[in-house]
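Trainee: Predicted model, plus sequence, below.
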Amino acid sequence: MPVQERHRFDVGALERYLRNRIEGFSGPIEVEQFRGGQSNPTYLLAGGSQRWVLRAKPGPAAKLLPSAHAVEREFRVITALGAAGVPVPRTYCLCEDENVIGRSFYVMEYVPGRVLWEQSLPGMTSPERAAIYDEMNRVIAMLHRVDYRVAGLSDYGKPGNYFARQIGRWSRQYQASETEKIEAMDLLIEWLPGNIPAGDETAVVHGDYRLDNLIFHPREPRILAVLDWELSTLGDPLADFSYHCLSWHIPPKQFRGIAGLDLAALGIPGESQYIASYCERTGRERIEHWDFYLAYNLFRIAAILQGVMKRALEGTAASAQALESGRRAGPLAELGWRYAEKSMK
């Protein structure tokens, strides 16, 4: 779509900056804005037969929450994981000098392919759906098996004590963004810290690994690029994987889910089968305390969506759908509390 007024920048300044930083770059370029990108506006740059993607912090008028919109971290992790063989776009340059276009940004490869928005994969055959889900499983398992030390990401986060730190972080973020009382969030904020499962693993975690953050090959069930690494860090891979599995617990009309659908008829694996595939690929026997992981992730999504709601009310969210997304914080928190209650039985 055309660049929204609040996300415009000096295109000429960008052209001058990129000429010496991307081999073969030549202006002038045309700029469009991708739909979505509620946190960091994302742009398509087109010059002649070449295309690139620019991802930036919101404009200078935005009131940014602590640690949010960290495009510098995205650039770093994408660059490192690309060298480790994970399917990500090639990165070209990071600009932290806000004098160039008024905000930090980075430029990466434009990857043509399919972005699939509906978890039920309408229009596909059963074998095609099965192959798409198996590929998602394969790539998240691959990510969690990357040796973050070898990849140069030893300081990308703090190994250990992941859940306690994340619960604290998202509790603070939620409270900083609170626009109305959500009782289930208050209950989760109190309950989660005292019910963290024993044991601690560390891997690179994506933080938002889901179908519509993946670019698939135009014809094959193959992931070409994993996008949107803003929430990535060093953390517990089971937090990352259980977040990915929330689709099995959320109804389609509520928030990107497949709960209640006839999965066998669709060719989509059931959750237990999907978990078993991940365990086989990562060398696990099983995953315990599943209800805690689900409750934690629903709490976390609700906190993120509350931040989206706050930005929408302030007029700084990058997506026109931000207000609608923000309203889902309450129902997801309530679902999370139900899983917390289930784990107590």
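Mentor: Yep, that arrived. Residues are numbered from 1 along each chain as shown.
Trainee: who's in contact with the one residue sitting closest to the centre of the chain?
Mentor: For the chain, the residue nearest the mean C-alpha position is D208 (2.7 Å; CA atoms, centre = their mean). By CB atoms under 8 Å, 6 or more residues apart in numbering, the contact set of D208 is 228, 230-231, 243. Yep, even glycine has a C-beta here, placed from its N, CA and C like the rest.
Trainee: you'd agree S247 is up against L121?
Mentor: No. Judged on CB atoms under 8 Å, S247 makes no contact with L121 at a distance of 11.4 Å.
Trainee: Give me the nearest residue to L234, chain neighbours excluded.
Mentor: In space, and not counting its chain neighbours, L234 is closest to G157: 3.1 Å by CB to CB, 6 or more residues apart in numbering.
Trainee: And the strand or helix carrying R165, what does it pack against?
Mentor: Using DSSP states H and E, R165 maps to helix 162-177. With contacts taken as 3 or more CB pairs under 8 Å, 6 or more residues apart in numbering; DSSP states H and E, helix 162-177 sits against helix 183-191, strand 233-235, helix 237-244, helix 290-314.
Trainee: low pLDDT regions in this structure?
Mentor: Along the chain, the parts satisfying pLDDT under 70 run over 36-39, 59-69, 254-255, 316-326.
Trainee: And the helices in it, which stretches?
Mentor: Counting by DSSP state H, the chain has helices at residues 11-19, 71-83, 126-144, 162-177, 183-191, 237-244, 263-266, 271-282, 290-314, 322-326, 329-344.
Trainee: could the ones you listed go into a markdown table alongside distance to E98 and mean neighbour count?
Mentor: Listed next are the helices of the chain as a markdown table, based on distance: least, CB to CB, whole Å; neighbours: other CB atoms under 10 Å:
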| stretch | distance to E98 | mean neighbour count |
| --- | --- | --- |
| helix 11-19 | 11 | 16 |
| helix 71-83 | 12 | 20 |
| helix 126-144 | 31 | 19 |
| helix 162-177 | 23 | 18 |
| helix 183-191 | 34 | 18 |
| helix 237-244 | 31 | 23 |
| helix 263-266 | 47 | 14 |
| helix 271-282 | 40 | 16 |
| helix 290-314 | 19 | 23 |
| helix 322-326 | 23 | 18 |
| helix 329-344 | 31 | 20 |
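Trainee: Distance to Q33 added to those helices, as a markdown table?
Mentor: Below are the helices of the chain laid out as a markdown table (distance: least, CB to CB, whole Å):
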| stretch | distance to Q33 |
| --- | --- |
| helix 11-19 | 12 |
| helix 71-83 | 15 |
| helix 126-144 | 27 |
| helix 162-177 | 24 |
| helix 183-191 | 32 |
| helix 237-244 | 27 |
| helix 263-266 | 34 |
| helix 271-282 | 34 |
| helix 290-314 | 16 |
| helix 322-326 | 14 |
| helix 329-344 | 25 |
